[in-house]
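Engineer: Coordinates only, no sequence provided:
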């Protein structure tokens, strides 16, 4: 639903979250607290929407927890949201504007760009981050940054 504030079209926060929830569930993420989680035997991938304190915008926090890395094992719980994981990143720069609900974008266009983000980036990330080898591949292809200490741990 669109609201007109002068010449600016803004998407409702509730509608924005609803679209992301639908897209995350479509690729088998489970809702947990203020985020979504996907778990494999080797890794846990978490998506979390963080509201900006300064504007009506969000950040998509993406955290990967690697089971057994540094002797740690993680359980699927809302406590994970408080951690940045073994690997952390946010949405790619080219998608930042769609997370800023003050940017005048038609609701239909914002929804299409969110679908594109999930199809072209989050799905690839989710598929590959289910294994340690996949995580290494994501690092080699520039999807994520793996710090040197973690690279050694993954070998």
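Structural biologist: Perfect, I can see it now. The shown structure was predicted, so the numbers you read here are calculated from the model rather than taken from an experiment.

Engineer: going forward, measure contacts and count neighbours with C-alpha atoms only.
Structural biologist: Noted.

Engineer: List the buried residues of the longest helix seen in the chain.
Structural biologist: Counting by DSSP state H, the longest helix found in the chain is helix 13-26. When burial is assessed from 16 or more other C-alpha atoms under 10 Å, helix 13-26 yields the following buried residues: 16, 20, 21, 23, 24.

Engineer: Please apply the same query to stretch 126-144.
Structural biologist: 126, 128, 129, 130, 131, 132, 134, 135, 136, 138, 144.

Engineer: Residue 34 contacts residue 48, doesn't it?
Structural biologist: Yes: because the distance of 6.2 Å satisfies C-alpha atoms under 8 Å, residue 34 is recorded as touching residue 48.

Engineer: any common contacting residues for the two?
Structural biologist: residue 81 (C-alpha atoms under 8 Å, 6 or more residues apart in numbering).

Engineer: Compare the two (neighbour count), which wins?
Structural biologist: Set residue 34 next to residue 48 and count neighbours by other C-alpha atoms under 10 Å: residue 48 wins out with 21 against 13.

Engineer: Can you show me the strands along the protein?
Structural biologist: With DSSP state E as the criterion, the chain has strands at 2-5, 8-11, 30-32, 35-39, 43-51, 58-66, 87-90.

Engineer: Give the partner strands of the third one in its sheet and their orientations.
Structural biologist: Each strand pairing with strand 30-32, determined using DSSP bridges, is listed with its direction: strand 35-39 (antiparallel).

Engineer: The strand it pairs with versus helix 13-26: what angle between them?
Structural biologist: 10 degrees (axes from the mean of the first three to the mean of the last three C-alpha atoms, to 10 degrees).

Engineer: and the angle for strand 35-39 with strand 58-66?
Structural biologist: Computed by the same axes, to 10 degrees, the angle between strand 35-39 and strand 58-66 is 20 degrees.

Engineer: starting at the chain centroid, how far to strand 35-39?
Structural biologist: 9 Å (C-alpha atoms, centre = their mean, to the nearest Å).

Engineer: hmm, who's touching it?
Structural biologist: Contacts with strand 35-39, where a contact means C-alpha under 8 Å, 6+ apart, come from 21, 24, 28-31, 44-49, 76, 81, 126, 130.
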